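K.L.:
just to be clear, the model below is a prediction. Sequence and coordinates:
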Amino acid sequence: MHPRFADYPAALSAAALAAEAFLQSLPTRPAGVASQVIVADDFTTPIGAEAALADFRARHEVGLSGSAGPRYWGFVTGGATPAALAGDWLASAYDQNVSNDIGSVASQVERETVAGLRDLFGLPDDFAGVFVSGATQSNLAALATARQAVYARFGHDIAQQGLSAAPPLRMLAGAAHSSILKAMAVLGLGRDALQPVATLPGRTAVDVAAMATALASGEGRPTIVVASAGEVNTGDFDDLVALAELCARHGAWLHVDGAFGLFAALSPEHASRLRGVEHADSVTVDLHKWLNVPYDSAVVYTRDREAQRAVFRASSAYLGDSTDPLHYTPENSRRFRALPAWMTLRAYGRDGIAEWVQRDCTLARAFAEGLRGIGGIDVLSDVHLNIVCFALRDGDAVARDAFLDRLNRDGRVFMTPTVLFGRPGIRAALSNWMTQPEDIEIALAAVRDTLRD
Ligand SMILES: Cc1ncc(COP(=O)(O)O)c(C=O)c1O
């Protein structure tokens, strides 16, 4: 046995104690911490695992945010439930390489988890999914697959031949997330290739009539439509039924970015906003957001395995040419990401997950209501799901930044800036499993106090 093998129990016990102390501190530690310059670490003198952990805690733990806690409302951020965290720890301890089906059951567990999630979201059985590291990567994988599929209809095999001889692609979207543009840059399509389509007045949902006009003009080119379900500033949903009909009529691929909005399927009040997603060609869903598994975890669902495989296959004598996961994802070697999600499904089931999804939606509405009662604040959008977007009534971007800086330094709550309908705004996205009604009161008090400062 390796002499260091005996270090495992002490290192893991120390890590468990550290984790417990950190998790206990979440409701009271600052939700966000101002970034700070850290003194360079000494990586030359070996000190052993336990001492290294103690050193990290002493020097850096104070600088970590409470992003896994109940009042970190920046970006779209989930925490980690007990079951998910236990699964994540074990994913590291097991350290399986889920690139292939050989020698481990891990890839089968992943397939079962992907199917369980598909049922949870009410997607049809012919959607095949694989785990990736986040919604950005999921959008990238979906759009690479979409491009392969739509060009194939025009007789081009992009994965094999490249783009040089191919006609230009059309990408149409209303309020697409910036990760769609990133994917276009990575794929060599170029960010400029996105043809923005108007959104409805006072909404971030796409104007279907404008989309119909855009699709009808410039017909006869490979076309991808990206739909938002929901949109990152307001949680609003595109009309997926109408977009699916238009895409079918014009031979376009429909990709639905449901990074967090796909969880609306679990809320009886909101599920109808997803009608039509069953007709999509590909769907993105993030799990480190509302499923509350630790980073980094998402699934890409597509309906064209052949196109997906054409893009991502990495066949070689030593890797084989089977149905192994590595032939369907950007990575070859892959972490056992499915385990935290599997644990979540088994531990809490549909009802347990639906409970925190519904609660976050209800609390987002309560927060917006509370804000409406504070003089000097405008709520900029209806609360479509779990996001509240608001602005200082008289403030420009400089005033907004100064206000947000004071609010975040206060530490009771953490939010992030945006611009909505031309106004400098502030977003609060509630997607943590722990958030409770008292957190809304604490956050409203923080907003009131910061306005008075
Ligand atoms: C709609 C949407 N798509 C994609 C992303 C990107 O997610 P990630 O940062 O997990 O890659 C986000 C993140 O907030 C999002 O809201």
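P.N.:
Sure, I can see it. Predicted, not measured: the structure shown is a model, and the values here were computed from it.
K.L.:
contacting residues around residue 38?
P.N.:
By CB atoms under 8 Å, 6 or more residues apart in numbering, residue 38 lies in contact with 59, 60, 63. C-beta: built from backbone N, CA, C; applies to glycine.
K.L.:
could you dump those residues into a markdown table with neighbour count and pLDDT added?
P.N.:
Listed next are the contacts of residue 38 as a markdown table, based on neighbours: other CB atoms under 10 Å; pLDDT from 0 to 100:
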| residue | neighbour count | pLDDT |
| --- | --- | --- |
| 59 | 12 | 93 |
| 60 | 12 | 94 |
| 63 | 11 | 93 |
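K.L.:
among those, which are in reach of the ligand?
P.N.:
Checked against the ligand using CB under 6 Å from any ligand atom, the contacts of residue 38 give no members in range.
K.L.:
including secondary structure, could those residues go into TSV?
P.N.:
TSV is the format used below for the contacts of residue 38 (DSSP: H, G, I helix; E, B strand; the rest coil):
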residue	secondary structure
59	helix
60	helix
63	helix
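K.L.:
closest one to the ligand out of the residues you listed, please.
P.N.:
Using CB to the nearest ligand atom, the shortest approach to the ligand within the contacts of residue 38 belongs to residue 63, at 21.3 Å.
K.L.:
ok, residue 228 to residue 269 distance?
P.N.:
Per CB to CB, to the nearest Å, residue 228 is found 19 Å from residue 269.
K.L.:
with neighbour numbers in mind, choose between these two.
P.N.:
Between residue 228 and residue 269, counting by other CB atoms under 10 Å, residue 228 is the more crowded of the two (27 against 11).
K.L.:
residue 148 is in contact with residue 156, isn't it?
P.N.:
No - with contact defined as CB atoms under 8 Å, residue 148 does not count as touching residue 156 (9.2 Å).
K.L.:
neighbour count winner among those two?
P.N.:
Just comparing residue 148 and residue 156: by other CB under 10 Å the higher neighbour count belongs to residue 148, 23 against 19.
K.L.:
contacting residues around the more buried one?
P.N.:
157, 158, 159, 304, 307, 308, 310, 311.
K.L.:
now do 10 Å
P.N.:
Applying CB atoms under 10 Å, 6 or more residues apart in numbering to residue 148 gives the contacts 156-160, 253, 304, 306-312.
K.L.:
ok, residue 94 next?
P.N.:
104, 106, 335, 336, 339.
K.L.:
what's the most distant pair in those residues?
P.N.:
The largest separation in the contacts of residue 94, counting by CB to CB, is between 104 and 335 at 12.8 Å.
K.L.:
of all of the stretch 251-400 of the chain, which residue lies closest to the ligand?
P.N.:
Of all residues in the stretch 251-400 of the chain, residue 259 sits closest to the ligand, at 3.4 Å by CB to the nearest ligand atom.
K.L.:
three-state assignment of that residue?
P.N.:
Classification of residue 259 by three-state DSSP places it in coil.
K.L.:
any idea what the residue nearest the centre of the chain is bridged to?
P.N.:
The chain has residue 286 as the residue nearest its centroid, 3.7 Å off, counting by CA atoms, centre = their mean. Counting by DSSP bridges, residue 286 is bridged to residue 298.
K.L.:
and residue 316, by the same measure?
P.N.:
residue 320.
K.L.:
cool, residue 425 as well?
P.N.:
residue 418.
K.L.:
can you give me the buried ones in stretch 84-94?
P.N.:
Judged by neighbour count using 16 or more other CB atoms under 10 Å, the buried positions of stretch 84-94 are 84, 85, 87, 88, 89, 91.
K.L.:
how far away from the center of its chain is that stretch?
P.N.:
Distance of stretch 84-94 from its chain centroid, counting by CA atoms, centre = their mean, to the nearest Å, is 20 Å.
K.L.:
now swap in stretch 380-391 and tell me
P.N.:
18 Å.
K.L.:
please apply the same query to stretch 156-171.
P.N.:
Remark: stretch 156-171 is offset 28 Å from the chain centroid, using CA atoms, centre = their mean.
K.L.:
ok, now stretch 307-325?
P.N.:
Centre-to-centre, stretch 307-325 and its host chain are 26 Å apart (CA atoms, centre = their mean).
K.L.:
straight-line length of it, end to end?
P.N.:
With CA to CA, to the nearest Å as the measure, stretch 307-325 spans 14 Å from end to end.
K.L.:
pLDDT on it, on average?
P.N.:
For stretch 307-325, mean pLDDT is 91.
K.L.:
in it, which residues are buried?
P.N.:
Judged by neighbour count (16+ other CB under 10 Å), stretch 307-325 contains these buried residues: 307, 308, 309, 310, 311, 312, 324, 325.
K.L.:
just stretch 44-62 next, same as before
P.N.:
If you call a residue buried by 16+ other CB under 10 Å, then stretch 44-62 has these buried ones: 53, 57.
K.L.:
for stretch 157-165, same thing?
P.N.:
Judged by neighbour count (16+ other CB under 10 Å), stretch 157-165 contains these buried residues: 158, 159.
K.L.:
ok, and what's touching that stretch?
P.N.:
With CB under 10 Å, 6+ apart, stretch 157-165 has contacts from 144-145, 147-152, 156, 166, 169, 187-189, 222, 307-313.
K.L.:
ok, residue 283 touching residue 253?
P.N.:
No - the criterion here is CB atoms under 10 Å, and residue 283 misses it with residue 253 at 11.9 Å.
K.L.:
overlap in contacts of these two?
P.N.:
142, 302, 303.
K.L.:
okay, the residues you listed in JSON lines with secondary structure next?
P.N.:
Shown next, in JSON lines, are those (three-state DSSP):
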{"residue": "142", "secondary structure": "helix"}
{"residue": "302", "secondary structure": "strand"}
{"residue": "303", "secondary structure": "coil"}
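K.L.:
in those residues, which residue is surrounded by the most others?
P.N.:
Highest neighbour count within these, by other CB under 10 Å: residue 142, with 29 neighbours.
K.L.:
circling back: settle it for me: which of residue 104 and residue 335 has more neighbours?
P.N.:
residue 335 (20 against 14).
K.L.:
quick check: phi and psi at the closest residue to that one other than its chain neighbours.
P.N.:
Spatial nearest neighbour of residue 335, chain neighbours left out: residue 91 (6.3 Å); criterion: CB to CB, 6 or more residues apart in numbering. Main-chain torsions, residue 91, degrees, to the nearest 10: phi -60, psi -40.
K.L.:
quick check: residue 91 touching residue 337?
P.N.:
Yes - using CB under 10 Å, residue 91 is in contact with residue 337, at 6.9 Å.
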